[in-house]
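Peer 1: Here is a sequence together with a model predicted from it:
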Amino acid sequence: MKDILLGVNVDHIATLRQARGTRYPDPAHAASVAEHAGADGITIHLREDRRHIQDRDVYVMAQTIQTRMNLEIAVTDEMIDIALEVKPAYVCLVPEKREELTTEGGLDVVSNVERITSAVGQLAKAGIKVSLFIDADNAQIDAAKQTGAPYVEIHTGAYADAETDAEQQIELERIRQGVQYADKQGIIVNAGHGLHYHNVKPIAQMPEIYELNIGHAIIARASVDGLEKAIRDMKRLMIEARQA
Ligand SMILES: CC(=O)[C@@H](O)[C@H](O)COP(=O)(O)O
Ligand SMILES: NCC(=O)COP(=O)(O)O
């Protein structure tokens, strides 16, 4: 069975730095440690409000990342211009609301097909592989296919936030269905948001999933166990799940 890859999101290393306006900790350094610990890629979310990752981080990591950068951005001219300048290996187009604590839902591709198709085309022309961060919804998956984006990232937030086992099972089956449907459309399927050490296995077990992007839980565990161990532990859980 295919291995499943881990993209480590280092946004919340930057959250700690922004809390005091210091120069430490540096997400670029954390990205290097993460790669040495086995991360298959580095994800960073340059938010419009710059609450964590700063423009400087993007330009520095474009020079220092040894694996590949997955740059998450909103579908705005400002962010697309930055992506076209930096030319990361991957761009993941995500929804953003200024008042949100964290990403709440998936991108509404159905209602914005033209705009997103144009963005996908601009980025693809620059050699960037584009992913769309969407809910496990067949209409959104069909619309993603229509835009020409080669990847989707299925939003696992509702699964992660489920308050009961029954609700979590419903969300897990919703994700499973969406992952299988997207795979059948010939789309490469990633997943992420809210995954942690106690909920990752059922998602990692899905054979159609190419990569998981995980950040908050890894950085939180790293604050106690260290980043290298936090990443090795997460990768081990993902591999165990895939081999089960
Ligand atoms: C799109 C996504 O799921 C991640 O980028 C997540 O948004 C992490 O960043 P925040 O914690 O700032 O939402
Ligand atoms: N796209 C998901 C991501 O990059 C990390 O999300 P989280 O693990 O910080 O919730």
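Peer 2: Arrived safely. Numbers count the residues shown, from 1 in each chain. Ligands and ions are numbered 1, 2, ... in the order given.
Peer 1: any low-confidence regions in the protein?
Peer 2: Along the chain, the model assigns pLDDT under 70 to no residue.
Peer 1: Mind jotting down where the helices sit in it?
Peer 2: All helices of the chain, identified by DSSP state H, fall at 11-20, 27-36, 55-64, 77-86, 113-125, 138-147, 157-161, 165-184, 200-204, 216-225, 227-243.
Peer 1: Figure out which of these is closest to ligand 1.
Peer 2: Among the helices of the chain, the nearest to ligand 1 by CB to the nearest ligand atom is helix 11-20 (4.7 Å). Any C-beta I mention is one placed from the backbone N, CA and C, and that applies to glycine too.
Peer 1: The closest one near ligand 1 at all?
Peer 2: Yes: counting by CB under 6 Å from any ligand atom, ligand 1 has neighbours in helix 11-20: residue 11.
Peer 1: ok so, going back, so which of the helices of the chain is nearest ligand 2?
Peer 2: Of all the helices of the chain, helix 216-225 sits nearest to ligand 2, with 3.5 Å by CB to the nearest ligand atom.
Peer 1: which bits of this protein sit near ligand 2?
Peer 2: Contacts of the chain with ligand 2, taken as CB under 6 Å from any ligand atom, map to 9, 43, 153, 192, 193, 194, 195, 213, 214, 215, 216, 217.
Peer 1: Pipe the helices of the chain into JSON lines and attach mean neighbour count per row.
Peer 2: Shown next, in JSON lines, are the helices of the chain (neighbours: other CB atoms under 10 Å):
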{"stretch": "helix 11-20", "mean neighbour count": "18"}
{"stretch": "helix 27-36", "mean neighbour count": "21"}
{"stretch": "helix 55-64", "mean neighbour count": "15"}
{"stretch": "helix 77-86", "mean neighbour count": "16"}
{"stretch": "helix 113-125", "mean neighbour count": "17"}
{"stretch": "helix 138-147", "mean neighbour count": "20"}
{"stretch": "helix 157-161", "mean neighbour count": "20"}
{"stretch": "helix 165-184", "mean neighbour count": "16"}
{"stretch": "helix 200-204", "mean neighbour count": "20"}
{"stretch": "helix 216-225", "mean neighbour count": "17"}
{"stretch": "helix 227-243", "mean neighbour count": "17"}
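Peer 1: okay if I get those helices as TSV plus distance to residue 96?
Peer 2: Shown next, in TSV, are these (distance: least, CB to CB, whole Å):
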stretch	distance to residue 96
helix 11-20	13
helix 27-36	19
helix 55-64	16
helix 77-86	9
helix 113-125	14
helix 138-147	17
helix 157-161	14
helix 165-184	22
helix 200-204	23
helix 216-225	16
helix 227-243	26
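Peer 1: who in this protein is up against ligand 1?
Peer 2: Taking CB under 6 Å from any ligand atom, the part of the chain that reaches ligand 1 is made up of 9, 11, 45, 52, 72, 94, 102-103, 133, 192-193, 215-216.
Peer 1: at 8 Å instead, please
Peer 2: Within the chain, the positions lying close to ligand 1 (CB under 8 Å from any ligand atom) are 9, 11-12, 15, 43, 45, 47, 51-52, 72, 92, 94, 100-103, 133, 153, 155, 157, 192-194, 213, 215-216.
Peer 1: Separate out the buried members of these.
Peer 2: Buried by 16 or more other CB atoms under 10 Å: 9, 11-12, 15, 43, 45, 47, 52, 72, 92, 94, 103, 133, 153, 155, 157, 192-194, 213, 215-216, out of the residues of the chain next to ligand 1.
Peer 1: which one is the spatially most central residue of the chain nearest to, not counting chain neighbours?
Peer 2: Centroid-nearest residue in the chain, with CA atoms, centre = their mean: residue 213, separated by 4.1 Å. In this structure, residue 213 finds its nearest non-sequential neighbour in residue 192, 3.5 Å apart by CB to CB, 6 or more residues apart in numbering.
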